[in-house]
Every structure is written in C-alpha cells, then in structure tokens.
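>>> I'll drop the sequence and a predicted model, then ask my questions.
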Amino acid sequence: MGGMKYAIASRNHPVYWAFVLHRASGLALAVFVPVHLYTLSLAVREAARFDAFLEWTENPLVKGGEALLVLLLAGHLAGGLRLLALEFLEWRDWQKSIVAITLGIAAACGLLFLMNAP
Amino acid sequence: MSGREPPEPELVVEIWRGRESGEFVPYRVARRENQTVLDVVSHVQRRIDPTLSYRFACRVGMCGSCAMTVNGIPRWTCRTRVDRVAGNGRVRIGPLRNMPVIRDLAVDMAPFFDKWQRATGRFVPSDADNRRTFARVPPGSRERQAADAGIECIGCGVCYAACDVVAWNSDYLGPAALNRVWTLVNDSRDGARREHLAAAAGDAGCHQCHSHQACMSYCPKGLNPTAAIAGLKRETVKSLLRGEL
C-alpha cells in the first residue's frame, strides 16, 4: 500500500535509525564472532596458517575493515547501554542527543583504533 | 461550479480506495488557505465521489476518530493543515496501519480497543469508600504528575498505527493501552496495581517494546507512550524482584 518513500516516512527519525544500526551491527557481529573464534583456534592447531593470516591483516584494506568492526562493536555496546539507561533509569527528554552521544562514542573508538594502527 | 470563476491552485490528492487490497485513486481538489486534510477528504466525499468511506466526528482534535495515514505518516487529519504536508502539491491519504481496513479510509478499531481491556486499562476503585467520598490527591505529588502526563489520550490510534512492534506481533498490546495502564499504576486511587502490572508484564506487554519512539514522535496530543512503557518495564521488574508478580 504505497511506495518505499511512504514506507520510510514514518520511520525516518533518529531513534529509529539508532535501532536499525543496533540491529544491523548485532547481526554483523553475530557473523563475525564465529569467524573470529575459528581464526583464533588456528593459533593452536595450525600456527603457520595463523601467522600467514596475521600477515594478511596488515593489508591497509583489512585494517579499514577492522576499524569498521571496532566501530560496529563500539556502536552496539554504546547502543545497548543507551537502551538499558532508557529502560532502567528515569526518562530523559533528550533522546536524540543520547543517540548522538552513542554515535560519537562509536566514532571515537573507530578513530582511536585507526590512529593506533601501525 | 461555473466556468467564469478564476482558476484556483489545485491539489492532487491520492486516496486509498478498497479494503486490504485496493489502489490509490487521484482526485483534483481546489487548494485553499488553512485547509485541513480532513477538509480535503470531506470535499472529495461530498463533491466528487459520495461512495468514499471515512470517519470523523468533532473536527477539533478532541474525539480521536479522524486519524489516517498522510504521506506515510499517521496523523489526526482534522488538525493537520494541507500546507504542512503537501510541499509538492500532492498528498497521499491512506487508512491507518495495523488495523483491518473496513473500506477506503475507515479502519476497524475494535482490536485496538480490545487491547485496552486486555491490558486492564480501566480504573478500579481502591475501596468502597472511594465511590462515596472524594479522594485527597495532592496535584503536585510525583504519582499524580506521572498519571497526569498520560491522561489526555484521545484514543485516535496514531501511536498504534506508527508502531512497528504491533506490525510484527499482532498480539502486542501497543502504546496506547500500555500508556493507559501506566496512568492507572500511578493513580493512588486505583486498587488493582498488581493486576495492571501483571497484564503489562505478559508476553504481549511492555517488554516487547523496542523503544523505536514512533509513538511519542507522532502522538498528536504530545504524549509520551515510550516513557510510559519504560516506566512499566521498571515497575514490573521491581515488582518481580519483590515477589509481587
């Protein structure tokens, strides 16, 4: 009953986008964690392959990908804390500002990671 | 309409015709100053197509019966001026989301109000005396202010139509019913606090809410059902920890 423009219209507000980012980052992390654990397991099972993998991660493109992961992880953590605060502390009227703060925390974590990248 | 009248600016209004399946039909309506969306719908029904079905009563933002989806956003149409929503000279008007369409712009609000009952959204006097004497409630008390914050709901269904959780889970009680329960939980004269909290804590209750805050964004009365639901989340958890639920 209506095109995409109208479907998005009522959802186009900052707190809804915060929800979308939280859900998307959660799904992305759910995919990442098994890959991460599998890769770590190589350290004990196949050290040579693990070393080769570590070398590959020095690639700037992979570093960029890692920064994105850090961004997602920090965003998901900050977004989760935002929701806990919303549900367990007194209501605050500055919800959009709280969303902005969570995004700021995520961006700061991603930038810190990039600044410390070799 | 005589042919001698000067040409007037026009508005193209697309109105949903049909039931669950149907289509948006365009109509051309003269654009006037201070015209509301409800004025436009009434014009179409009275002058162009009398078979158009819609619902309204008070026309002044009190009764809550004229809510529709305007350009994708649920609104009370009697207090929504065309100037505010028709930047490009077009307006698309559909029925509210999340409720069965009876016909055209009229939806069946029975499921919406049934949920107020399921949520125990009715006042229960705390004792028999309350029916005979005035309760003394300090207007400035914290509980009364919390109750007053949500009391002006007109039951228009805008929050319910805006809520994605209602769309995802048709059992979910929804923002309006839960806002009503929160009002009663804070009402010192109400004697069914435990029942209210138990109803709100159920599978279809407050803990389903994802805090998208669409309800508070679009409530035409400026109420905040998200805050009410967050309050219910806190109180139900506290009651559970105290062993009261």
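The structure has been received and is ready for your questions.

>>> May I have the phi/psi pair for the residue lying closest to B:Leu245 once chain neighbours are set aside?
In this structure, B:Leu245 finds its nearest non-sequential neighbour in B:Ser239, 4.6 Å apart by Cβ to Cβ, 6 or more residues apart in numbering or on different chains. The way it works is simple: take the backbone N, C-alpha and C, and place the C-beta from them, glycine included. Dihedral angles of B:Ser239 (phi, psi; degrees, to the nearest 10) stand at phi -60, psi -40.

>>> ok, now which ones touch B:Ser239?
Counting by Cβ atoms under 8 Å, 6 or more residues apart in numbering or on different chains, B:Ser239 touches B:194, B:197, B:201, B:245.

>>> measure the third one to A:Glu55 for me?
Using Cβ to Cβ, to the nearest Å, one obtains 54 Å as the distance from B:Ala201 to A:Glu55.

>>> what sits against the spatially most central residue of chain A?
When chain A is reduced to its mean C-alpha position, the closest residue under Cα atoms, centre = their mean turns out to be A:Leu72, at 0.9 Å. Going by Cβ under 8 Å, 6+ apart, A:Leu72 touches A:25, A:28-29, A:106.

>>> what helix or strand does it sit in?
helix A:60-88 (DSSP states H and E).

>>> Which positions in that helix come out as buried?
Within helix A:60-88, the residues that count as buried by 16 or more other Cβ atoms under 10 Å in any protein chain shown are A:67, A:69-79, A:82-83, A:86-87.

>>> And the helices in the chain?
Picking chain A for this. A:4-9, A:14-45, A:47-56, A:60-88, A:95-116 (DSSP state H).

>>> that's the wrong chain, I wanted chain B
Along chain B, the segments classed as helices by DSSP H run B:37-43, B:82-85, B:110-118, B:142-149, B:158-162, B:164-168, B:175-185, B:193-200, B:214-218, B:225-241.

>>> B:Cys215: which of the contacts of A:Leu72 is nearest?
A:Ser25 (24.2 Å; Cβ to Cβ).

>>> Give me the local confidence score for that closest one.
With respect to pLDDT, A:Ser25 has a value of 95.

>>> In contact with it, which residues?
Counting by Cβ under 8 Å, 6+ apart, A:Ser25 touches A:72-73, A:75-76, A:79.

>>> okay, the helices of chain B in CSV with mean pLDDT next?
Below are the helices of chain B laid out as CSV (pLDDT from 0 to 100):
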stretch, mean pLDDT
helix B:37-43, 98
helix B:82-85, 94
helix B:110-118, 97
helix B:142-149, 93
helix B:158-162, 98
helix B:164-168, 97
helix B:175-185, 98
helix B:193-200, 96
helix B:214-218, 97
helix B:225-241, 97
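
>>> before we move on, back to that, neighbour-wise, which one of the contacts of B:Ser239 leads?
B:Leu197 (25 neighbours; other Cβ atoms under 10 Å in any protein chain shown).

>>> From the contacts of A:Leu72, pick the one nearest B:Val44.
A:Ser25 (45.4 Å).

>>> which bits of chain A sit near chain B?
For chain A, the contact set with chain B under Cβ under 8 Å from any Cβ of the partner chain comprises A:1-2, A:5-11, A:13, A:15-16, A:19, A:83, A:86-88, A:91, A:95.

>>> Would you write a PyMOL line that selects the buried entries of the residues you listed?
Filtering the residues of chain A next to chain B down to the buried ones (16+ other Cβ under 10 Å) takes a single PyMOL command:
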select buried, chain A and resi 1+2+6+9+10+11+13+15+16+19+83+86+87+91+95
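
>>> Quickly list what B:Pro26 is bridged to.
Beta-bridge pairing for B:Pro26 (DSSP bridges): B:Glu14.

>>> quick one: contacts for it?
Contacts of B:Pro26 (Cβ under 8 Å, 6+ apart): B:12-14.

>>> Neighbour count and pLDDT for these - can I get that in TSV?
Below are these laid out as TSV (neighbours: other Cβ atoms under 10 Å in any protein chain shown; pLDDT from 0 to 100):
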residue	neighbour count	pLDDT
B:Val12	15	96
B:Val13	26	97
B:Glu14	17	97
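
>>> closest to chain A among the residues you listed?
Distance to chain A across these (Cβ to the nearest Cβ) is lowest for B:Glu14, with 9.3 Å.

>>> Close to chain A: what parts of chain B are there?
Close to chain A, as judged by Cβ under 8 Å from any Cβ, chain B has residues B:16, B:22, B:24, B:69, B:71-74, B:92, B:94, B:162, B:164, B:210-214, B:217-218, B:224, B:227, B:230-231, B:233-234, B:237.

>>> and which of the contacts of A:Leu72 is nearest to chain B?
Proximity of these to chain B (Cβ to the nearest Cβ) peaks at A:Ser25, which lies at 15.0 Å.

>>> Quick check: the gap between the closest one and A:Thr39.
Taken as Cβ to Cβ, the span from A:Ser25 to A:Thr39 is 20 Å.
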